[in-house]
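Engineer: Below are the sequence and a predicted model; questions follow.
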Amino acid sequence: MAQVVLVEDDLWLGELYAAVIQKAGLSVSLKGNIQDALDEIDNHRPDVIVLDMLLSGRNGLGLLHELASHPDLNSIPVVICSNAVPPEDTVQMLQQYGVVSVVDKTTSSPKHLLKAIKGAVSASISD
Amino acid sequence: MNEGTTGNASGQLHELIAAAHELKSPLTLISHLAATMQDTSMALTPAEQAQAVQRIRLSADRTLRLVQGLTTSYRLASDDQLAFGFELEPINLAQACEEVAHEITPLAQAQYQQLQLRLGARSPLVVANNDLVRSIIFNLIDNALRHNPPQSTVAVSLRSKAEMVRLCVQDNGPGFSPSDLNHLAQTLGREAQPLRGRAGSSGLGLYIASVMASAMGGRLGVGRTSKPGADFHVDLIHSKQVSFL
């Protein structure tokens, strides 16, 4: 079963996404901050990371920097799911950090997020 | 256009952007919960459906309170014909805290948090407007619940001084550096500003509370805490009227 680490500090949104991911037959671990997420990623090396960018304390970019500095973790595909979608030139730059999709929370639904996660899982497995 | 007009327009734009930012999260949540409930392939259990409905309701109530508060604070801050009068009267602050806590407890519980009231044996009276006081208490507690981690407590306490009564709301969320705290203390109430280290916060609720407190001769402030978390308080004018009830 594919493993997903979901980093979302809005508790109710996180629980909703986790339920949707779980019902789709994937295993999910919900983390509310960067440090807990890093510990989980380090211990279990998930197939996909779903990342909100605006988090309390260190933001999502901090986690991407951290992953990039670990050779065993920097190939994990990342799906960004945020209210603050970065501009296009930044999105291009994010590809270097393993970002495979950017989902805009305000214009999408949980189904769109699930589709992006499944796409990332497929890409991860085919690699 | 004179400087004052420019500043006012800039301030209003600032509040508008803050409001848009603040409303985005609950509206996104409401939309996503509703979309999930509509999606038959999700096969939600009755318990999951009940939880989704409750969260939609609580998020909508929270959003409506914010919009209502924004409208009121705009009217209080403006000096045009939209401005409205309000009555000041002796208000039992402990009783107001208990009533608001009772109303907001379902929101706290749904976020796996507790509210603790430390109101003391004596009930201080303040010279205030009942609606504005309740709105301030709602905003301070709601702000704390947003940043307080699950399984922890938001504490509401009262302290009487000679001329003022202080209502404190403490949470266990991310704290502020000394320089951020100084900046916050100096700028609270001037405009809505994001709280550094507290993601998703536009500071709009605190701004609204500050405008309301000022309108009643009170003041919103932020204090230092010896542990992580934040301590926002409001000082309101102590009423000389005595109540033995």
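Structural biologist: Perfect, thanks for sending it.

Engineer: A:His44 and chain B, how far apart?
Structural biologist: 22 Å (C-beta to the nearest C-beta, to the nearest Å). Just so you know, the C-beta spots here come from the backbone N, C-alpha and C atoms, and that holds for glycine as well.

Engineer: That residue - how many residues pack around it?
Structural biologist: 12 (other C-beta atoms under 10 Å in any protein chain shown).

Engineer: Let's see the pLDDT reported for it.
Structural biologist: We have a pLDDT of 92 for A:His44.

Engineer: what's near enough to touch it?
Structural biologist: A:3, A:5, A:29 (C-beta atoms under 8 Å, 6 or more residues apart in numbering or on different chains).

Engineer: same check, this time on A:Gly119
Structural biologist: A:Gly119 neighbours (C-beta under 8 Å, 6+ apart): A:100-101.

Engineer: what about it, helix or strand, and which?
Structural biologist: helix A:110-126 (DSSP states H and E).

Engineer: avg pLDDT for that helix?
Structural biologist: Per-residue scores along helix A:110-126 average to 90.

Engineer: What residues sit buried inside the lowest-mean-pLDDT helix or strand in chain A?
Structural biologist: Each helix and strand of chain A was given a mean pLDDT (mean pLDDT, DSSP states H and E); the minimum falls on helix A:88-94 at a mean of 80. Buried positions in helix A:88-94, judged by neighbour count with 16 or more other C-beta atoms under 10 Å in any protein chain shown: A:Leu94.

Engineer: Please read off the pLDDT at B:Gly200 from the model.
Structural biologist: 65.

Engineer: Ok, B:Ser243 next?
Structural biologist: 58.

Engineer: same deal with B:Glu3?
Structural biologist: 43.

Engineer: so where is the chain shaky, pLDDT-wise?
Structural biologist: No chain was given, so I picked chain A. Along chain A, the model assigns pLDDT under 70 to residues A:57, A:126-127.

Engineer: Chain B, not that one
Structural biologist: For chain B (pLDDT under 70), the answer is B:1-12, B:79-84, B:194, B:196-197, B:199-200, B:242-245.

Engineer: At which residues are the strands of it located?
Structural biologist: B:89-92, B:114-118, B:125-128, B:153-160, B:164-170, B:219-223, B:231-237 (DSSP state E).

Engineer: Could you export those as CSV, including distance to chain A and mean neighbour count?
Structural biologist: Below are those laid out as CSV (distance: least, C-beta to the nearest C-beta, whole Å; neighbours: other C-beta atoms under 10 Å in any protein chain shown):
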stretch, distance to chain A, mean neighbour count
strand B:89-92, 33, 17
strand B:114-118, 15, 15
strand B:125-128, 33, 24
strand B:153-160, 15, 18
strand B:164-170, 17, 22
strand B:219-223, 17, 18
strand B:231-237, 17, 21
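
Engineer: center of chain A - which residue?
Structural biologist: A:Val50 (1.4 Å; C-alpha atoms, centre = their mean).

Engineer: quick one, what contacts it?
Structural biologist: So A:Val50 contacts A:4-8, A:17, A:21, A:78-79, A:81, A:113, A:117 (C-beta under 8 Å, 6+ apart).

Engineer: Can you get me a residue count around residue 60?
Structural biologist: Picked chain A for this. Neighbours of A:Gly60 (other C-beta under 10 Å): 26.

Engineer: My question was about chain B, not that one.
Structural biologist: 14.

Engineer: B:Glu191 now?
Structural biologist: B:Glu191: 16 neighbours (other C-beta under 10 Å).

Engineer: Not counting sequence-adjacent ones, nearest residue to it?
Structural biologist: B:His14 (5.2 Å; C-beta to C-beta, 6 or more residues apart in numbering or on different chains).

Engineer: Can you give me the distance of B:Tyr74 to chain A?
Structural biologist: 24 Å.

Engineer: mind listing what's buried in stretch A:15-26?
Structural biologist: Buried, per 16+ other C-beta under 10 Å, within stretch A:15-26: A:16-21, A:23-24, A:26.

Engineer: which residues does the most far-flung residue of chain A relative to its centre contact?
Structural biologist: Residue farthest from the centre of chain A, counting by C-alpha atoms, centre = their mean, is A:Asp89 at 19.7 Å. With contacts defined as C-beta under 8 Å, 6+ apart, A:Asp89 has no neighbours.

Engineer: residues from chain A in reach of chain B?
Structural biologist: Neighbours of chain B within chain A, by C-beta under 8 Å from any C-beta of the partner chain: A:9-13, A:16, A:19-20, A:23, A:32, A:54-57, A:59, A:83, A:105-106, A:109-111.

Engineer: Give me the buried subset of the residues you listed.
Structural biologist: A:9-13, A:16, A:19-20, A:23, A:32, A:54-56, A:59, A:83, A:105, A:109-111.

Engineer: so B:His185 sits right up against B:Val222, yeah?
Structural biologist: Wrong residue type there; residue B:185 is Ala, not His. Yes - using C-beta atoms under 8 Å, B:Ala185 is in contact with B:Val222, at 5.3 Å.

Engineer: what's the spacing between the most centrally placed residue in chain B and B:Thr28?
Structural biologist: When C-alpha atoms, centre = their mean is applied to chain B, the residue found nearest the centroid is B:Asn139 (1.2 Å). Distance, B:Asn139 to B:Thr28, using C-beta to C-beta, to the nearest Å: 21 Å.

Engineer: same thing with B:Leu88?
Structural biologist: Applying C-beta to C-beta, the value for B:Leu88 to B:Thr28 is 39 Å.

Engineer: Out of those two, name the residue with the larger neighbour count.
Structural biologist: B:Thr28 (19 against 16).
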